[in-house]
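Student: Predicted structure and sequence below. I'll ask about it afterward.
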Amino acid sequence: MSDRKKEFFTGVRDNFPLMLGAFPFGLIYGALAVTAGLSKGAAMAMSAFVFAGSSQFIAVGLVAAQAPVVIIILTTFIVNLRHMLYSATLLPYLKTLPQKWRIPLAFWLTDETFAVAVHRYQRKESPELAHWYQLGSSVAMYLNWQLWSYVGLVLGNKIPDASNWGLDVAMPVTFIGMIIPFVKSWPMGICVLTAGAASLMTLSLPYKLGIMVSAFAGIAAGLVAEHGAKKRAGMVQA
Amino acid sequence: MSSTEMVMSAGMVGVTFGIRYFLFAFADRIRMASWMETSLKYIPPAVLIAITVPAVVLPKGDWHLSVSNPYLVAAVVTTAAGIMTKNLLATIAVGLAAFFVYRLLI
């Protein structure tokens, strides 16, 4: 197998736990779309072309509430804004790639693929192949989402309540495993503690805005701590 | 698909792809201030923890800060496993096992 293929399939493999976590959500999305009165075509079009789970859920809810289309699109914008943080993080790694790579990798950028890919990029092993890894994770996540949202759509209310299976634990468990290697310094620890605490204090914010606000709080706390640490180091040297 | 659904889907595709692609489109021309570049490394752990903490403290949407919450117990076990093994796959396996075993027990 060529090195590129190997990277691609490692990306697929490392994505498995997150695919497991997304599977009940795909089923629930499909089932909810039917109940909300969305046509099958539109529900599948959203999975295939929007490909952003939380905004699809919220859109289905808004359709059921008969909200105007403009509101649905604006809400989607706000819910998905956090993806810009992801693309900013990946920017240094992707800037040398041609647009024919950047376009699909942007289209397939999700919470899960971001988490898996950033973990790979930071390992800094054969960086010239790392985008194949991200592609593998992207494609796997995409096919997984199409399959389960379609099954949910077809089965509708006939499936036993997928929200009680507990598979949704796969995402937090995987993310915890990925956060730990980052926490190698005091500023990083302060960043994580701040963002974690902030996420519980911003629960009342709608449209997943709490995630963005908490992330910014964590980043700011990390920067301040880093600045403080540098200052102290400077004083010791002098 | 109705025409309203068509407009809705197209709009959602437009804004979502727009957000994801905007920075990538100009990736080779964007110059970041040095403090911004420094701050990039804080984004992944900050975002991931902000998604994770509510998912384990309020797994079903309501506060559940107790030992009878298997999500919270699994999170604590996962953290311990992560620090001790320093191996992602083992950490995930231990975390998932802890969750399902604990749920059977309580």
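Tutor: It's in.
Student: hey, C-alpha coordinates of stretch A:73-88 in PDB?
Tutor: What follows is stretch A:73-88 as a C-alpha-only set of coordinates in PDB (Å, rounded to 0.1, in the frame of the first residue of the first chain):
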ATOM      1  CA  ILE A  73     -30.400  30.200   7.400                       C
ATOM      2  CA  LEU A  74     -29.300  32.800  10.000                       C
ATOM      3  CA  THR A  75     -29.400  30.300  12.800                       C
ATOM      4  CA  THR A  76     -27.400  27.800  10.700                       C
ATOM      5  CA  PHE A  77     -24.800  30.600  10.200                       C
ATOM      6  CA  ILE A  78     -24.500  31.200  14.000                       C
ATOM      7  CA  VAL A  79     -24.500  27.500  14.900                       C
ATOM      8  CA  ASN A  80     -21.700  26.800  12.400                       C
ATOM      9  CA  LEU A  81     -19.600  29.800  13.200                       C
ATOM     10  CA  ARG A  82     -17.300  27.700  15.400                       C
ATOM     11  CA  HIS A  83     -16.000  26.000  12.200                       C
ATOM     12  CA  MET A  84     -14.100  29.200  11.500                       C
ATOM     13  CA  LEU A  85     -12.000  28.600  14.600                       C
ATOM     14  CA  TYR A  86     -11.200  25.200  13.200                       C
ATOM     15  CA  SER A  87     -10.200  26.500   9.800                       C
ATOM     16  CA  ALA A  88      -8.000  29.100  11.500                       C
END
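Student: What residues sit buried inside that stretch?
Tutor: Buried residues in stretch A:73-88, counted by 16 or more other Cβ atoms under 10 Å in any protein chain shown: A:73, A:75-88. Placement of C-beta: from N, CA and C, glycine included.
Student: Kindly provide the whole-number mean pLDDT of it.
Tutor: In this model, stretch A:73-88 has a mean pLDDT of 94.
Student: ok, now stretch B:65-78?
Tutor: The average pLDDT within stretch B:65-78 is 96.
Student: give the contact list for residue 17.
Tutor: All of this refers to chain A. Residues in contact with residue A:17 (Cβ atoms under 8 Å, 6 or more residues apart in numbering or on different chains) are A:170, A:173, A:174, B:92, B:96.
Student: wrong chain, I was asking about chain B
Tutor: Residue B:17 sits next to A:106, A:107 when contact means Cβ under 8 Å, 6+ apart.
Student: For residue A:23, pull up the helix or strand it's in.
Tutor: In this structure, residue A:23 is located in helix A:16-36 according to DSSP states H and E.
Student: Next secondary structure after that helix?
Tutor: That would be, after helix A:16-36 and using DSSP H and E, helix A:40-45.
Student: And chain B, is that next one touching that?
Tutor: Yes: using Cβ under 8 Å from any Cβ of the partner chain, we find that helix A:40-45 touches chain B at A:41, A:42, A:45.
Student: quick one on the thing from earlier: so which of the buried residues of stretch A:73-88 are also by chain B?
Tutor: For chain B, the contacts drawn from the buried residues of stretch A:73-88 by Cβ under 8 Å from any Cβ are A:73, A:76, A:77, A:80, A:81, A:82, A:83, A:84, A:85, A:86, A:87, A:88.
Student: Inside strands: which ones of the residues you listed?
Tutor: Nothing among these maps onto strands, per DSSP state E.
Student: re earlier: turn the contacts of residue A:17 into JSON lines, columns for pLDDT.
Tutor: Shown next, in JSON lines, are these (pLDDT from 0 to 100):
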{"residue": "A:170", "pLDDT": "89"}
{"residue": "A:173", "pLDDT": "93"}
{"residue": "A:174", "pLDDT": "90"}
{"residue": "B:92", "pLDDT": "91"}
{"residue": "B:96", "pLDDT": "94"}
